[in-house]
Structure formats: structure tokens, C-alpha cells
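Novice: Fold the following, please.
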Amino acid sequence: MNLLNEIGELRKSEKQGALCIVVQTKGSTPRKVGAKMIVKEDGSIIGTIGGGNLEKKVIVNALHQIKKNEAKLYKHDLLHQHNMCCGGSVEIYIEPIQKMNKLYIFGAGHTGNALAKQAIAMDFDIYVIDDRKSYLDEINVPGINKLNLDYQKVLPTLPFDEKTYIVIMTYEHAHDRDILSYCIKQPHAYLGMIGSERKVKLTKKMFTEGKLASKAALAKVDMPMGININAEGPEEIAVSILAKLIATKNG
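Specialist: Sure thing, here's the model as predicted:
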């Protein structure tokens, strides 16, 4: 059983969980320092920190920390707290497993391709979305999810939350605006659209006049997208966008 793989799967899934680690022991204990167990939000476990009443209590503690989304160190006297005859004491560190930041890249053109390849090293769960299969086929880096789907059809199927980063850079302005119109109403950590100053100005005008979004909501959209580093070419533009994503992620 590979707990690291299980943690990786939980980080990408919609389910919550916590990692429990034995960090210190005294006297006789069922497991020693380094023993690990994952507790899922439904109370199921992977691995063990010793079984018995101790493990039952640790599951309760883990579920509590998952709800609070905080890490905490718990100390257990096995005899007096849990009526376990081994009689030692255990300290168990419980930490909720944090979700990976999802990165939706709408558009698999040269800049989208470059951004996906650069972002893979930055702990993003990456999805590149394009209705052109030939462009997606040019992205061959392991770990990048490729969705060859129509933009309008895929949007309602995608999960959005406060750890979702969205970059819009398709091959048509109309597609960009349709995606922006949908995503601006979804929860997200970052939302940006590529384009010239003229495109941005026209987009804001169309959205406010059409009552698709308020001026306040539009002001929060990063467009033109990225940090101004006088970038030239897809790779440099991708760097400028990735820098903005990192700046947002790190507050």
C-alpha cells in the first residue's frame, strides 16, 4: 500500500481526508514513530496507527480537524484515556490533506501549450481544453489532462471552487467571451483572459451593456492577462501568466 499515491489521489478528488502520523511514543505502544494512517471524510481509513480504542479516537479527531481545516497535535495516554493495557503514551499529528490547485487552460495554442508545460512543475492539477484535437496532441507531457471537447458543452461539467485557476486563450474572441461569461459567475482563485487593450475595453463594454457582469466583477478579472515583463513569443507570455498565477496563489 502506497500512502503517497493515496494522498495524491485525494488531493485531486473532491473528497476530503487527513493524514495521521505517530510522531512520538513513550513506553509500550502498538505502533512506533512514523506509523501513518489516512482518514477519509466518511470515516474510512487507509493504513493504521495501532487499532483499538486509540484508533477509534484518532478517527474522531481527524474528522474534527477535516471540518476545521486545521492541523493539530493530539496526545494520548493509552491506559487512562483508552483503557489499553500496553500503557504507554502516543503523540499523533493530524493534518488535513490540502487540495491541489486546479488550472483550467482554455485553448491549446502555442501559449496554452507552453503554459501547461511550465505549470506542471508548480503543483497545479492541469486541464487543457480545446475543440481541436491536433493541437492537444502536441502536448505530450505526463500529468497534463487534455479535454478535446466543445467549450460550451464542457463548461457545465467542470467543478469550480476557491482553488480553481482559469486562463482563457482560445483561437476566437467570441469563444473567449463566452467562457469568461460563464466562469466569472463561478467560484475561483484566479480568472484571466488574454488579449489586447482594445479587446479588453470592448469586452468590458459588451459585458456591462449586456448586463453579463458588473463593473466590480470585471475589475477582478486579470485582462490583459499576466505580469507585464515586455514578453515576446508564446514561451515568454506563458512565463508572465504563470508568474501572475504564482503571485495569486502565494497571496
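
Novice: This protein: strands as residue ranges?
Specialist: 17-26, 36-40, 45-47, 72-77, 89-96, 101-106, 124-130, 145-148, 164-168, 190-193 (DSSP state E).

Novice: Let me have the ones you listed in CSV, extended by mean neighbour count and mean pLDDT.
Specialist: Every residue, glycine included, has its C-beta placed from N, CA and C. As requested, the strands of the chain are exported to CSV (neighbours: other C-beta atoms under 10 Å; pLDDT from 0 to 100):
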stretch, mean neighbour count, mean pLDDT
strand 17-26, 19, 96
strand 36-40, 22, 96
strand 45-47, 16, 94
strand 72-77, 15, 94
strand 89-96, 20, 95
strand 101-106, 26, 96
strand 124-130, 23, 96
strand 145-148, 17, 96
strand 164-168, 24, 97
strand 190-193, 23, 97
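
Novice: So which of those is nearest Thr208?
Specialist: Taking C-beta to C-beta as the criterion, Thr208 comes closest to strand 190-193 out of those, the separation being 15.4 Å.

Novice: Pull the distance from that closest one to the chain's centre.
Specialist: For strand 190-193, the separation from the chain centroid amounts to 15 Å (computed by C-alpha atoms, centre = their mean, to the nearest Å).

Novice: Then stretch 194-201?
Specialist: 28 Å.

Novice: cool, stretch 228-238 as well?
Specialist: Centroid separation for stretch 228-238 versus its chain: 25 Å, with C-alpha atoms, centre = their mean.

Novice: picking that back up, just so I know, which of the strands of the chain lies nearest Thr157?
Specialist: Per C-beta to C-beta, nearest to Thr157 of the strands of the chain: strand 145-148, 9.2 Å.

Novice: Output the closest one in CSV with nothing but the alpha carbons.
Specialist: Output of strand 145-148 as CSV, limited to C-alpha atoms (Å, rounded to 0.1, in the frame of the first residue of the first chain):
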residue,chain,number,x,y,z
ASN,A,145,-5.1,16.3,-18.6
LYS,A,146,-6.4,17.0,-22.1
LEU,A,147,-10.0,17.6,-22.9
ASN,A,148,-11.0,17.5,-26.6
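
Novice: So what touches that strand?
Specialist: Strand 145-148 is contacted by residues 108, 125-133, 136, 139, 154 when judged by C-beta atoms under 8 Å, 6 or more residues apart in numbering.

Novice: List the pairing partners of it within its sheet, with orientation.
Specialist: Next to strand 145-148 in the sheet, as set by DSSP bridges, lie strand 124-130 (parallel).
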